[in-house]
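J.: predicted model and sequence follow; I will ask about them next.
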Amino acid sequence: MKKIYFSFGLFFSLLLGFSQSSISGTVKDNNNDPLVGANIIVIGHTGKGATTDLDGLFTLSLQSGDYELEFSYTGYRSEKKKISLKKDENLKLNVVLHNEDISLDEVVLVGSRVAARSNTDTPLAVDVLPVKEVTNSGQSSLDKALQYRIPSFNSVQTPVNDATSLLDPYEIRNMGPSRTLILINGKRKNLSSLLYTQTSPGRGETGADISGIPVDAIERIEILRDGASAQYGSDAIAGVMNIILKDDVNDGAATFRSGITGKGDGKMLGVSYNNGSKIFDDAGFINYTIDFSKVAMANRPGTVDAQGEVDTFGADMNVVKNFLSRHPDAGNINASPETAAAKFEVNGALNIADHSKAYFNAAYVSKKVNSFANYRTPYWRPVADYPYLADFFPAPGVPGNYDGYVPTFDGDLDDYNATLGVKTQKNDWNTDASITFGGNSQDYTVFNSHNRSDIKDENGANVYRENSPINFKPGGTVFSHVVGNIDISKVLTEQLSVGFGTEYRSEKFTIVEGDKASWDGSGADSFAGNRPENSGTFTRQNLGGYIDLAYDVNKDFLINGTYRIENYSDFGTASVYKFSSRYKMFEDKFTLRASVSTGFRAPTLHQIYSQKSQYGFSGGIVQVSGLVNNVSPQAKLLGVKKLTAEKSNNFTAGFGFKPSKNFSFTTDFYLINIKDRIVLGNLIDINADNNGDVFFFSNALNTTTSGIDVVASYRNIGLGNGKLNFNLAGNYTLQNEKTNATPKFLGQELIDKTQEHLLFTSRPITKWILGTEYNIGKFGFSLNNTYFGKTTFQQDGIDNNLITEFIPKIVSDLGINYNATEKFSIAFNANNFLNVLPEWKFVALNSAGEAILKDPVAKQFNSNMITFSQRYSQMTYDGYHFSQLGALFNLSFNYKF
């Protein structure tokens, strides 16, 4: 590869110098491409070795004599060369390494701070997902594609949107979004500014927005299913997802996507363009992606029960029936919201000296979502109490000229991240220095609403009510961080590798104040704004360092240890460790692996400082409650304790079996114990009249989670003139529960049965994915079946003798790909083509519960409590793990340049 030198390139060259050697040459693959970072070990001589640079070049200084060199690179068969060196001889040696019986998709970078390994050879459980599997899923976003490809990954579909419509909660191993760390090319991605407060799985959590990453920019995804706080710091208790971006300069492509649901709504259109090129006379590369998409609303309202409305609002039955005769769904829009998004991603690198390269990547996402609040029926907001509503929201031809109204919620999201770094090699030391910027902002707008507060001005006139605006700016949230990393590693001997480094991170969280009308009094009806006393900017810094040692006791036995210490400006110091090991047997066909580690997770700034009023439906009534943060004067007055960091103990053990290049099987057991787990509690009644109820975060629980992951693959089975591939992957939860008595506050439990079920039983107890792929000629066929196991809830308002259980279901997806020419292909996906829908039932816990289920009136009453009088009859008010939209059909056209 040619070089280009700028003034700063010359500076680096002079600074780093060029070591002379007795042996020099190249290490390339069988396609004559250089292998970057290949290891050269002098067998029997501790401390002697080298690593290839960006062009596959190496130099090695040795005294005269006879030596045996070993050349190795992950994914390739090692080669040994015997040489004889004379005094002052400069020997030239070029080596070609051939592919091992693993694919490049099996090579993983995540999980170790030293050398890369294959996913059957690593001491850790890692899923490697090539981008082809993501695109073949036919899903509209990355998080939904992972839902149908990785068993331990779950994403929740919520029927009630508000701010949650901008980002669905996701998680690994039932641990919540906050405990999965997201990396882009190995660098930490920023969190979203959204804090989930709805009563659904993921409540009280926040996570990075992976749905905004354009799929066509991705080369592969590595998911480490193990605690990794020692390697990567806070947030990695459940695991790490490393998204590797494309670096291709030869294969550009444009894709047009379209889609529609089986009911004819939810139309989707999208176009993306990915390309790459060499830059500066072949000294580097740049790969870039542009993606635009728009998805129309898809509405699945329920048929509202009149008696439920009477029970909830105390309304007259005749008035209710009259309204429901015109609007059987009570005007409610229970929808997948309308969404428009523009996504940009760039990835590149540039050689700046013989042993140094600069690298960069950047992304920007702009997303706009339009969703709806619950329809305010004329008996929920009666014109007798609010006579001006007939003028605000007129309904000609309806008695009283008023038929209710539906507030809308518009969310505008901007997310960005950018990394700039330099990698160098000097005296076989590998150094990576980088700085990463990232941020996420969400701005909200409420339309078609009003402020109904009875507030008077100095003249005794109403400030709001008939004088209220109908559109509001309730504010929003902003999160940003700056991360600096220095990572250094070296292969010290043929057996010992070392890595160490440091990370500095500065975080900033801003709660943006809403306009006064949005928060004054009761605020905007449906979504009250951020009050000035709840708004502000909050910051913290932390500094951490780690050391990582990997020791190959012999060619079969590996042990790896990592120690990390980290100091936060707001809660102090934490130190954690990790030990992992792997043992290979039967000519490397069978691998045993295990790890034990400690971890920590600092409370996010969102959890520490968020405070606002929130509307919700619970227990058959509409409530207004207050989220009180742990550092507020209100918290101090109530005696609410400040948050501390979570601490965890992780243990994994498993095995990998690969008897041939086409068959592999891995099974892993995991155990995660968390102490002082941070949870968002239920409402606490602080007044006798039940007004002013509050909820807040606390380190309330100690929890234990255990389970088993299974991954099996059998590829390249000859069938006629084609090739057949099978993949089976599953996750089974053995235990997921609290291990301490629930703390009480003012004599009330901080975590009630509703919250416990959200934390421990609201995810499928088991999930399995069976995938089949058949390629023949120009056609490719795929059939994936995803089994979602049982989940249970005990929603607020339901009788204590009942629980709700979502019935296990299998969702089947069909894909057909036709390569019309070498450059043009057509893909058709029929996702959930059997139109399977979420289905739940009541389960009695005892004889009293059985009596309720035998009484149609009592059963209907409880059903109304958890579905808002059947508005959310398909999924209840809490959401579920696959969509209520049913069948979804996608057609895409791809043209390669």
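T.: Looks like it came in fine. Numbering: from 1, shown residues only.

J.: longest helix of this structure?
T.: Criterion DSSP state H: the longest helix present in the chain is helix 856-867.

J.: residue 473: neighbour count?
T.: Around residue 473 sit 18 other residues, with neighbours defined as other C-beta atoms under 10 Å. Bear in mind the C-beta positions are built from the backbone N, C-alpha and C, glycine included.

J.: pLDDT score assigned to it?
T.: Note for residue 473: predicted pLDDT of 97.

J.: the helix or strand encompassing it pairs with which strands?
T.: Assigning secondary structure by DSSP states H and E places residue 473 in strand 472-491. According to DSSP bridges, strand 472-491 has the following sheet partners: strand 429-447 (antiparallel), strand 496-512 (antiparallel).

J.: ok so, going back, with only the CA atoms kept, save the longest helix of the chain in PDB.
T.: In PDB, the C-alpha atoms belonging to helix 856-867 read as follows (Å, rounded to 0.1, in the frame of the first residue of the first chain):
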ATOM      1  CA  PRO A 856     -68.200 -13.100  34.200                       C
ATOM      2  CA  VAL A 857     -68.800  -9.700  35.700                       C
ATOM      3  CA  ALA A 858     -65.800  -9.900  38.100                       C
ATOM      4  CA  LYS A 859     -63.600 -11.300  35.300                       C
ATOM      5  CA  GLN A 860     -64.600  -8.400  32.900                       C
ATOM      6  CA  PHE A 861     -64.000  -5.900  35.700                       C
ATOM      7  CA  ASN A 862     -60.400  -7.100  36.100                       C
ATOM      8  CA  SER A 863     -59.900  -7.200  32.400                       C
ATOM      9  CA  ASN A 864     -61.000  -3.600  32.200                       C
ATOM     10  CA  MET A 865     -58.600  -2.600  34.900                       C
ATOM     11  CA  ILE A 866     -55.500  -3.700  32.900                       C
ATOM     12  CA  THR A 867     -56.700  -2.800  29.300                       C
END
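
J.: what pairs with the helix or strand following that helix, parallel or antiparallel?
T.: Scanning the chain past helix 856-867 towards its C-terminal end, the next helix or strand to appear is strand 888-896 (assignment: DSSP H and E). Using DSSP bridges, strand 888-896 pairs in its sheet with strand 253-261 (antiparallel), strand 824-831 (antiparallel).

J.: for the longest one, buried residues please.
T.: Going back to what we said before, that points to strand 253-261. Judged by neighbour count (16 or more other C-beta atoms under 10 Å), strand 253-261 contains these buried residues: 253-255, 257, 259-261.

J.: before we move on, what about the last one?
T.: By neighbour count, and taking 16+ other C-beta under 10 Å as the criterion, the buried residues in strand 824-831 are 825, 827, 829-831.

J.: low-confidence stretches in the stretch 701-850 of the chain?
T.: In the predicted model, the stretch 701-850 of the chain carries no residue with pLDDT under 70.

J.: which parts of it are strands?
T.: Secondary structure of the stretch 701-850 of the chain (DSSP state E, counting those that start in this stretch): strands at 722-738, 744-745, 748-749, 766-776, 779-788, 791-793, 802-806, 809-819, 824-831, 840-844.

J.: again, but for the stretch 101-250 of the chain
T.: Secondary structure of the stretch 101-250 of the chain (DSSP E, counting those that start in this stretch): strands at 107-108, 117-118, 126-130, 153-155, 170-172, 180-184, 187-188, 218-224, 239-245.

J.: mind checking which of the strands paired with strand 888-896 is nearest residue 277?
T.: For the strands paired with strand 888-896, proximity to residue 277 was assessed by C-beta to C-beta; strand 253-261 is nearest, at 13.8 Å.

J.: how far off centre is that closest one?
T.: 23 Å (C-alpha atoms, centre = their mean, to the nearest Å).

J.: if we can go back for a sec, quick one: the strand holding residue 473 to chain centroid distance?
T.: Centre-to-centre, strand 472-491 and its host chain are 15 Å apart (C-alpha atoms, centre = their mean).

J.: if I've got this straight, residue 382 is in a helix?
T.: No - remark: residue 382 does not belong to a helix; assigned using DSSP: H, G, I helix; E, B strand; the rest coil, it is coil.

J.: mind putting the strands paired with strand 888-896 in JSON lines, distance to residue 733 included?
T.: Formatted as JSON lines, the entries for the strands paired with strand 888-896 read as follows, by distance: least, C-beta to C-beta, whole Å:
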{"stretch": "strand 253-261", "distance to residue 733": "31"}
{"stretch": "strand 824-831", "distance to residue 733": "25"}
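
J.: who wins for proximity to residue 393 among those?
T.: Counting by C-beta to C-beta, residue 393 lies closest to strand 253-261 out of the strands paired with strand 888-896; the figure is 29.6 Å.

J.: show the subsequent helix or strand relative to that closest one.
T.: Counting by DSSP H and E, the next helix or strand C-terminal to strand 253-261 is strand 268-279.

J.: which stretches of the stretch 251-400 of the chain form strands?
T.: Counting by DSSP E, counting those that start in this stretch, the stretch 251-400 of the chain has strands at residues 253-261, 268-279, 284-295, 298-299, 335-336, 338-353, 356-372.

J.: elements contacting the fifth one?
T.: In other words, strand 335-336. The helices and strands touching strand 335-336, judged by 3 or more C-beta pairs under 8 Å, 6 or more residues apart in numbering; DSSP states H and E, are strand 298-299.

J.: one step back: keeping just the C-alphas, turn the strand holding residue 473 into CSV.
T.: Coordinates of the C-alpha atoms in strand 472-491 are reproduced here as CSV (Å, rounded to 0.1, in the frame of the first residue of the first chain):
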residue,chain,number,x,y,z
PHE,A,472,-47.4,23.3,24.0
LYS,A,473,-43.6,22.9,24.2
PRO,A,474,-43.1,20.8,27.3
GLY,A,475,-39.4,20.8,27.0
GLY,A,476,-37.2,17.8,26.6
THR,A,477,-33.9,16.2,27.6
VAL,A,478,-30.3,16.2,26.4
PHE,A,479,-27.4,13.8,27.2
SER,A,480,-23.9,14.1,25.9
HIS,A,481,-20.5,12.7,26.8
VAL,A,482,-16.8,13.0,25.9
VAL,A,483,-14.7,9.9,26.2
GLY,A,484,-10.9,9.7,26.0
ASN,A,485,-9.2,6.3,25.7
ILE,A,486,-5.6,5.1,25.7
ASP,A,487,-5.2,1.3,25.2
ILE,A,488,-1.7,-0.3,25.0
SER,A,489,-1.0,-4.0,24.4
LYS,A,490,1.8,-6.3,23.5
VAL,A,491,2.5,-10.0,22.9
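
J.: so for that strand, what gets flagged as buried?
T.: 472-483, 485, 487-491.

J.: any chance of the strands of the stretch 101-250 of the chain in a markdown table, with mean neighbour count too?
T.: Rendered in a markdown table, the data for the strands of the stretch 101-250 of the chain read as follows (neighbours: other C-beta atoms under 10 Å):
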| stretch | mean neighbour count |
| --- | --- |
| strand 107-108 | 22 |
| strand 117-118 | 23 |
| strand 126-130 | 22 |
| strand 153-155 | 25 |
| strand 170-172 | 25 |
| strand 180-184 | 25 |
| strand 187-188 | 23 |
| strand 218-224 | 23 |
| strand 239-245 | 25 |
